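Undergrad: would you be able to build a 3D model of this:
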Amino acid sequence: MSTKTSATFYYDIVSPFAYLYVKQRHRLESKLDIKPVPILLGGLLRAAENKGPGEVAAKRPHTYQFCVWQAEKLGIPFRFPEHHPFMTVAAQRLLVEQNADWTMVERAFDYVWVEGKDPNLSWPEFCTYLGLTADTPKPENPEVKAKLIANTNQAKADGAFGVPALIVNQQCFWGIDTIDWVLDYLARPGMFEEASYAYAGNVPNGLS
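TA: The predicted structure follows:
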């Protein structure tokens, strides 16, 4: 019996692309043992000097409508929340605090992208949706706060600059459209040592 390769999945429930990825993770589960790790997307974007598409006016409607189209093509339930983007600090801390497994992670995404809700506006309902009690408080434990920050810093150290990001053998695969790339890489593990890939990863910047 073959042993699965360990992988890390960095996520924030604010990302529609991370939601669509989670709904397709079964495509990878026969080959990978994937650990879901909550991070704070805003912190990662700032650390990587990047911006989310929801923060770029010209990109926003295109990206959001593309998500609707992609969900339709994939046959995945999809509904935008009341507003977007929104703050996910409390929700992500809760997922850290609960050491959330895939069942809870998927429920958290469903609350946002199937029910179409912002957890901040209905916290007790969000908690019961995750299988917790309605009076579960928003985490304020310093250790939980520090862990979320540490997760976010580790994501950057692992090469992530956005979510969804899957780390396999120290290689970072970003975005929902990289699932096929991951499968090809697993079948061809020397891919990144091949001359064309090695060169592409180190092309000099002609503008610097």
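Undergrad: OK, contacts around the nearest residue to residue 5 once chain neighbours are set aside?
TA: Computed as Cβ to Cβ, 6 or more residues apart in numbering, the closest residue to residue 5 that is not its neighbour in sequence is residue 32, at 5.4 Å. The way it works is simple: take the backbone N, C-alpha and C, and place the C-beta from them, glycine included. Shown in contact with residue 32 (Cβ atoms under 8 Å, 6 or more residues apart in numbering): 4-7, 168, 182, 186.
Undergrad: may I see the buried residues of the helix or strand bottoming out on mean pLDDT in the chain?
TA: Least confident helix or strand, the chain: helix 41-47 with a mean of 94, by mean pLDDT, DSSP states H and E. By neighbour count on 16 or more other Cβ atoms under 10 Å, the buried set for helix 41-47 is 41-45, 47.
Undergrad: what about the strands in this structure?
TA: 5-11, 32-38, 165-168, 171-174 (DSSP state E).
Undergrad: now do stretch 186-199, average pLDDT.
TA: Throughout stretch 186-199, pLDDT has a mean value of 97.
Undergrad: err, stretch 154-162, not the other one
TA: Computed over stretch 154-162, the mean pLDDT rounds to 97.
Undergrad: name the surrounding residues that touch that stretch.
TA: Applying Cβ under 8 Å, 6+ apart, the contact partners of stretch 154-162 are 8, 10, 15, 37, 39, 41, 44-45, 47-48, 50, 52, 165, 167, 170-172, 174-175.
Undergrad: ok, now stretch 131-145?
TA: Stretch 131-145 has contacts (Cβ under 8 Å, 6+ apart) with 90, 93-94, 96-98, 104, 107, 123-125, 127-128.
Undergrad: export the residues you listed as a markdown table, with columns for distance to residue 207.
TA: Shown next, in a markdown table, are the contacts of stretch 131-145 (distance: Cβ to Cβ, whole Å):
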| residue | distance to residue 207 |
| --- | --- |
| 90 | 40 |
| 93 | 39 |
| 94 | 42 |
| 96 | 39 |
| 97 | 44 |
| 98 | 45 |
| 104 | 44 |
| 107 | 45 |
| 123 | 46 |
| 124 | 51 |
| 125 | 49 |
| 127 | 48 |
| 128 | 52 |
